[in-house]
Structure formats: structure tokens, C-alpha cells
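> let's see this in three dimensions:
(one chain, ligands or ions: 2)
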Amino acid sequence: MAQVLETPIEYLKGVGPQRAELMRKELGVGTFGDLLLHYPFRYVDRTRFSTVADIAEEGTAVQLRGVLKEVRMIGEKQARRLTAKLTDATGTIELVWFRGLRWLQPILKDGGEYIVYGKPTLFRERYNLAHPEIESAITWDQGAATPLQPVYSTTEKASVKGLNSRGIGKLVHALLPQVQGALPETLSAELVQQLGGISREEAVMEAHFPQDQKRLDLAVKRLKFEELFYIQLQLLKQKLLMQHDVKGNVFAHVGAHFNSFYTDHLPFELTGAQKRVVKEIRKDMGTGHQMNRLLQGDVGSGKTLVALLSMLIALDNDFQGALLAPTEILAQQHYKSISRFLEGLPVVVRLLTGSTKAAARKCLLTALKLGEVHILVGTHALLEDRVVFQKLGLVVIDEQHRFGVAQRARMQAKAKVPPHVLVMTATPIPRTLAMTLYGDLDVSVIDELPPGRKPIKTVHRDDHSRNAVFDFLGSEIEKGRQVYVVYPLIEESEKSDLKDVTDGYESLSRRFPLPKYAVGIVHGRMTPEVKDYEMARFVKGETNVLVATTVIEVGVDVPNASVMVVENAERFGLSQLHQLRGRVGRGAEHSYCILMTGAKLGNDSRTRISTMVRTQDGFEISEVDLRLRGPGDIMGTQQSGIPELHMADLVEDAEILQDARRVARRLLDEDPELQEPKNAAIAGTLREQMKEKAVWGRIG
Ligand code: ADP
Ligand code: MG
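Ligands and ions are numbered 1, 2, ... in the order given. Purely as a prediction, here's the structure:
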């Protein structure tokens, strides 16, 4: 049956080898099955028109019919655009396109009648339509006047060759009869019933050629659910397998180390979230399977302490603990704060980094092998083969995104039974994304900051206010505070970035001159030694101002620094801005984050900046980020684990996703091996999918 779906697309009527090549390249459609999964992304109501005079707000899409006039190409190079005027009985509106000009220009005829569809925006107090979809009234009138005309996504290249939305629709229409009966049900009868009684085949047909809105809604919901359900089922199944196959150390009890630290040495009460998370970790490490846990907590939420408490549980069970940090400075900071926490307790903590001297290293490694070192803190240096533990029980990795999977594997290989792994990240990931990417891991979230934190006052200033900003920096420095001034990242190729940061350094040095003041600078073109030296001066309070590129983004803790100035803030992503802001507000003083931008800002930049000014909640910020950029961009190339979705959308369909996960979990609880006859369709589909697809991104 399924073979029909694997038929190469060139065998479809209306598609030859050339077109097939185009479809493969431009649309990612290589087979009958792929074309079926190329669902419409929206439906046009061909029966409903607005008039130019009706337009009264931005953002609400309108469909207009009118005559096109004054089609012209204007502007040079990047600013090149195509404009035209559309006139109906009630008025005239300007249309403008920035992309696809080569393809559009020849098909737009002055004086022709067209149907356009787009969202009005206000520009110089007049509405216009930027990038509307456009179709000539002649071809439009050949189609049926249906309220649910599918619109397919396509590319400029494909459109030129007749594969515009309508062209694709025709192909799908030709395909449907051929695949009838080849789309077996993938869900159990019970689930189909719960989802509105639409079979898989009906749902696919309905999505391409809807009969009415109600059925379409049910079909779309079913297809979305199904997509998300199988992702969750795979992840949960994988997790089950892990728990069966990989035995872990049992940390059966909590003993003297943990208890005496907790009762006598804890300088403050744990937050409710810290308590909950420690409990989750403790339980996990006691079950006999290997822990693979992701600990998410905003900057300053107190992850280090959770790491320490977890390591003390390891010690109580006669195991050693290791804490890995991405940079030397962070390793030092962890080492210091952990040593301070543990003062007066019989726990031996050591630091190992690239700059540990040979003699000290030798001594340390011997002690480590003998089990005389209980907690080892360090950088990548911990991964080297000569670093041998007596009995490693728990590895904590700080700031997961700087470590690759291979490195984690090396750490795990340092013990006979794989150690428990706790990965800590301060980069909040939207819930839907976390569930999809890390659905086979356990996730703990510290969603509460320690009490008494003063909010960081965040403001947006444009370049004209530079003098006032400098004055403000001066007054903070007078109070003994320190200041970060951050510039966008220096890439190998971007000379202007280097110039920006060095110019900034010079003007700040003039404004805050020696010997009264000291200004430091760090950027990516410096050697690590020089960088570390400059950072260390700032950490010790020897410099008042640190001019930097984003090298300071991760984890650095200078409680005395109270002002973060971000230059060209419009060039930073939201999560980066959030991380940068997290560098201040660590001491008791009032802290400030000043986002500097040029006067003109694009829509997305404006949203990013206003979000930063509005909220300090990392999860809220990550949700906005997800909306602006989409899941692929957020996780970058390092996370290829994001599955391809044809119908569902991780931004819009959070509710369906939660539902899908709940249903998948309940199913596996009831029938872990999916052996019951009523689940046969699900078992079969899952088997197919697991065969096809590689394992999703795992962190452990
Ligand atoms: P992060 O999660 O960013 O790594 P840290 O672990 O560095 O945060 O903690 C930030 C600061 O808050 C540290 O100075 C730490 O000692 C302090 N801290 C942690 N937990 C608490 C708590 N429960 N109450 C008060 N202060 C705390
Ligand atoms: Mg930290």
C-alpha cells in the first residue's frame, strides 16, 4: 500500500523530469507522499472582498479587487522595490514588494484587473500593502468561488515555472484519486473518535480540498495531533528503553554530607523551586537508572547550589562528583563559591583547568584516582584521558550549549557504570520546544528567584542620548560601581565591528581617564591569555568599565557591576540580550540595563527591545523569541533535533502538543510494548517512524 506514496513525483501526470527536479529542489517534494504532506498553509475565502475604503486597521488581512496602475521599479540595490497602485470603486492603495521582483514585474500589467491579498500597514499616515499575494482577475475568475481555496507555499523560482499555489493545487488534485486507499489509519479507533471521527485519509483530503470550515478544523486538528503525538511517543518510548537498558548507580541514601551542610552550613533558606528540584534529582538518582536531567533556571536562580547539593548526595553514597564549566573564569568562580559554601566541612574540592601547573596537576590527579578528592571542578581539561576518577558518580555540566555531545560522552566514559548527568542551562527554552527536543529527558525548572532581588531597571535610549548615558555611568562609578559596555560580536570578516568596539573603548577611556579611572577591553580577536587577564582585572575591581563583545555573555559573576550598556542593541537576539542583562543585578545595589540603538528600528527589533524593557522573565522572553524567529533559528544548527513538521506549529499548537504528550504517556503506561490489538495501528506506525528517523538530539 505504502508503495504508492513512495512513487517518484515525475510519474504524476503533469510532472516531467524537469519539473520533478524543480519540485525536489524548491519545494522539497520528491514523492507522491511528499506532495500529500505539502499542505496548504492557509485558505482564501474567494467569496469575501473588502474595499479600499473599508481598511481601518493594520494587521488584519484584506482581499481587494481593483485595477493596477503605475507599476514601477524604484530605488537602487538593497532599497530596490516594485510599487503599484490598486484602485477600486472606493479609493486607491499603494502596493509594494521588496522580494521576487524579477518574477513579479513581468506579470503585473498596467491597467489590468487583479485580486490582491495582504495585511495593511501604515506608512506616513497612509495604508499600504507590503508584499501582497496577487493574481490576475482573469485566472481568478476561472476558479470556483469557494470560501476555502487552499493556498500552497512555493518559491519564486517554482512560481515562474507554473508551480504557483494554483499550479500545485492542480497537481494535488490529480494525485488524490491515485492515493485513495493508500493512506491507512494511524491512530486507534478510540483516538479517532476522540478527535472528531475523521479518518486519516479523510483528514488529508479535507486539508487539501475542504468541504466546510467545521470539517476542515477537525481535519487540521487531527493531523496536527497525529504529528505531535508520534514525536512524543518516540521520545517517551526512547526514555523507557533508556531506563531499561542503561543501569545507573543507585544513590540509595542521603547522609552526613548532605544533612550537615543542609542544616548547619546553608547560608540561606532554599527557594521553593530549589527544594522541589533537589527532590526531583534525589529521587531520580535513587532509582537505579542513569539520570539524564536538564536543569533550566534563569540567570541568578541559584543553580550552583542545586548542583552542590546533588554532588553531596553522590558523596554520601561514596561517589565523586565533577562540575564542568565552559570557561576558565567560570570554573574558578564555581570552585570559589563551592569552596566557600563547604567551609568547615570535610569535603575536598579541587580545581583543574588548562592553567593548572604540572606539579600541582600531578598531585591532584593522584589524589583523584585514590578518591581523596571528592569534588572536581574544572574546564575541558577534565575530559583528558589522564584524568581518572576513583569512582565518579555524578557529572554536572554548566551551560550546556558550549559542550558537544562527544565531550559529554567522554565524561561518561570515565566510569564503569555511567555517572548521572545533570546539565544546567540558563537559556530558557519555551516549553513546547523543550518538550519536543528534550522530551526523552527529565527536565527540572527553577522558576523562582531568591528573595530580595531588586529588579533591573531596563531602558531604551537612542544614540542622541549618549552624553546623558555617559553622565549616568560617571555617577554610578562615583558610587563605586562597575559598568559593562557591550558591542556586537566580532566576526573574522567584520572589520567594522572591531572598529566599533575599539572606538568605544577609546571614547570611554577619554571620558574616564587614567589615573582616576581604568577602562578595560575584551574581544574575540584577543588571545585567551589576554582575555582572561582583562576579565580578571574587572572581576577584581581594578577596572571601572569593561568594554566587551559578547565574550562575557555566559555566567560571569561580578556582583559589584551594576550597569550593563548594550550598544547596537538592535543587532542582538533576545536570548543574548537577556543573558547580557543577567550579568548585572547580582549584588544588593540597584542595577540598570541600557539598550542603545539607532533612531530607526525595524519591527522585530522594536519588539525585541520593548520586550526587554517590559519583562525580566526569561521564559516569557523565550516565548517572544520563538514567535519572532521560529524553532529552527532559536536552537541554531547545534540542535538539529527539531523534527520537521508539516502541519503542526510549535508556536501556535502548544495546547495540542501538551495533549499529545499526555495521551502518549497514558498509552505507554497502559500498554508499554503496544501489544494490545486495539493499538496495532499505532504500533505499526511507530515502528515505521523509528526505522526512518534518527534519534532526536539527546544531551546525556
Ligand atoms: P545561576 O543560576 O545563575 O547559576 P547562582 O547559582 O550563581 O545562579 O546564584 C546566584 C546567587 O544567588 C549566588 O550569589 C547564590 O549564592 C545566591 N543564592 C542561591 N540560592 C539562594 C537562595 N535560596 N537564597 C538567597 N540567595 C541564593
Ligand atoms: Mg551559574
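
> where does this structure dip in pLDDT?
1-2, 400-408, 490-495, 551-555, 588, 632-642, 692-700 (pLDDT under 70).

> hey, which strand is longest across it?
Looking across the chain with DSSP state E, the single longest strand is strand 62-74.

> quick one: buried residues of stretch 669-688?
Along stretch 669-688, these residues count as buried under the neighbour rule (16 or more other Cβ atoms under 10 Å): 674, 679, 681-683, 685-686. Backbone N, C-alpha and C define where each C-beta goes, glycine included.

> which elements pack onto the longest strand of the chain?
Packed against strand 62-74 by the contact rule (3 or more Cβ pairs under 8 Å, 6 or more residues apart in numbering; DSSP states H and E) you find strand 81-88, strand 91-97, helix 101-107, strand 113-118.

> tell me the one of the buried residues of stretch 669-688 nearest residue 178?
Nearest to residue 178 among the buried residues of stretch 669-688: residue 685, at 21.6 Å, using Cβ to Cβ.

> name the helix or strand for the closest one, please.
Element membership for residue 685 (DSSP states H and E) is helix 680-692.

> contact partners of that helix?
With Cβ atoms under 8 Å, 6 or more residues apart in numbering as the test, helix 680-692 has contacts from 184-188, 230, 233-234, 237, 667, 674-675.

> close to ligand 1: what parts of this protein are there?
268, 270-271, 274, 297, 299-305, 426, 450, 557 (Cβ under 6 Å from any ligand atom).

> try 8 Å this time
The chain comes close to ligand 1 at residues 267-271, 274, 297-307, 337, 341, 398, 424, 426, 446, 450-452, 555, 557, 559, 582, 586, as judged by Cβ under 8 Å from any ligand atom.

> enumerate every residue touching the residue nearest to residue 42 when sequence neighbours are not counted.
The shortest distance from residue 42 to any non-neighbouring residue, by Cβ to Cβ, 6 or more residues apart in numbering, is to residue 151 (5.1 Å). With contact set as Cβ under 8 Å, 6+ apart, residue 151 has these partners: 40-44, 133, 165.

> I'd like to know how far residue 151 sits from residue 443.
37 Å (Cβ to Cβ, to the nearest Å).

> swap in residue 392?
Counting by Cβ to Cβ, the separation of residue 392 from residue 443 is 23 Å.

> what do you get for residue 370?
Distance from residue 370 to residue 443, by Cβ to Cβ: 36 Å.

> higher neighbour count, those two?
Between residue 370 and residue 443, counted using other Cβ atoms under 10 Å, the more crowded position is residue 443 (17 against 9).

> how about the more buried one: what's its closest non-neighbour residue?
Per Cβ to Cβ, 6+ apart, closest to residue 443 is residue 294, 4.8 Å.

> list the strands paired with the helix or strand hosting that neighbour, with their directions.
Using DSSP H and E, residue 294 falls within strand 292-297. Applying DSSP bridges, strand 292-297 is found paired with strand 420-425 (parallel), strand 442-446 (parallel).

> deepest of those, which one?
Compared across the strands paired with strand 292-297, strand 420-425 shows the largest average neighbour count, a mean of 24 (mean count of other Cβ atoms under 10 Å).

> so how far is that one off the chain centroid?
18 Å (Cα atoms, centre = their mean, to the nearest Å).

> then stretch 305-319?
For stretch 305-319, the distance to the chain centre is 31 Å (Cα atoms, centre = their mean).

> neighbours around the residue of the stretch 51-200 of the chain found nearest ligand 1, how many?
Residue nearest to ligand 1 within the stretch 51-200 of the chain (Cβ to the nearest ligand atom): residue 59, separated by 37.7 Å. Residue 59 has 8 neighbours, counted by other Cβ under 10 Å.

> go on, residue 282?
A total of 15 residues lie near residue 282 under the criterion other Cβ under 10 Å.

> ok, back up a step: need the helices and strands packed on strand 62-74 in TSV (columns: mean neighbour count).
Listed next are the helices and strands packed on strand 62-74 as TSV, based on neighbours: other Cβ atoms under 10 Å:
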stretch	mean neighbour count
strand 81-88	19
strand 91-97	18
helix 101-107	13
strand 113-118	19
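
> care to break the protein down by domain?
47-143, 256-285+302-425, 456-615 (automatic domain parsing).

> out of the ones you listed, flag the one nearest residue 19.
Comparing the domains of the chain by Cβ to Cβ, domain 47-143 comes nearest, at 16.9 Å.

> contact partners for residue 30?
Residue 30 touches 8-9, 20, 23-24, counting by Cβ under 8 Å, 6+ apart.

> please disregard the earlier target; I meant residue 53.
Each residue near residue 53 by Cβ under 8 Å, 6+ apart is listed here: 90-91.

> that one and residue 120: what is the separation?
Residue 53 sits 12 Å away from residue 120, going by Cβ to Cβ.

> distance to residue 630 added to the domains of the chain, as JSON lines?
Converted to JSON lines, the domains of the chain look like this (distance: least, Cβ to Cβ, whole Å):
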{"stretch": "domain 47-143", "distance to residue 630": "18"}
{"stretch": "domain 256-285+302-425", "distance to residue 630": "18"}
{"stretch": "domain 456-615", "distance to residue 630": "12"}
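
> looking at these, which is nearest to residue 437?
Nearest to residue 437, of all the domains of the chain, is domain 256-285+302-425, at 11.5 Å by Cβ to Cβ.

> tally of neighbours for the closest residue to ligand 1 within the stretch 601-700 of the chain?
Closest residue of the stretch 601-700 of the chain to ligand 1, Cβ to the nearest ligand atom: residue 618 (10.4 Å). Per other Cβ under 10 Å, the neighbour tally for residue 618 reads 25.

> so it sits against residue 579, correct?
No. In this structure residue 618 lies outside contact range of residue 579 using Cβ atoms under 8 Å: 9.0 Å.

> spit out the residues that contact the two alike.
299, 426-427.

> ok, residue 69 to residue 160 distance?
Distance from residue 69 to residue 160, by Cβ to Cβ: 24 Å.

> do the same with residue 314
Taken as Cβ to Cβ, the span from residue 314 to residue 160 is 63 Å.

> who has more neighbours, these two?
Using other Cβ under 10 Å as the criterion, residue 314 and residue 160 rank with residue 314 on top: 27 against 15.

> okay, the more buried one and residue 418: tell me how far apart.
Counting by Cβ to Cβ, the separation of residue 314 from residue 418 is 13 Å.

> spit out the residues that contact those two alike.
By Cβ under 8 Å, 6+ apart, no residue touches both residue 314 and residue 418.

> for the lengthiest helix in the chain, what is the distance to the chain centroid?
Counting residues, the longest helix in the chain under DSSP state H turns out to be helix 213-245. Helix 213-245 sits 21 Å away from the centroid of its parent chain (Cα atoms, centre = their mean).

> stretch 24-44 too?
Using Cα atoms, centre = their mean, the offset of stretch 24-44 from its chain centre is 25 Å.

> give me the buried positions along it.
By neighbour count on 16+ other Cβ under 10 Å, the buried set for stretch 24-44 is 24, 26-27, 29-40, 43-44.
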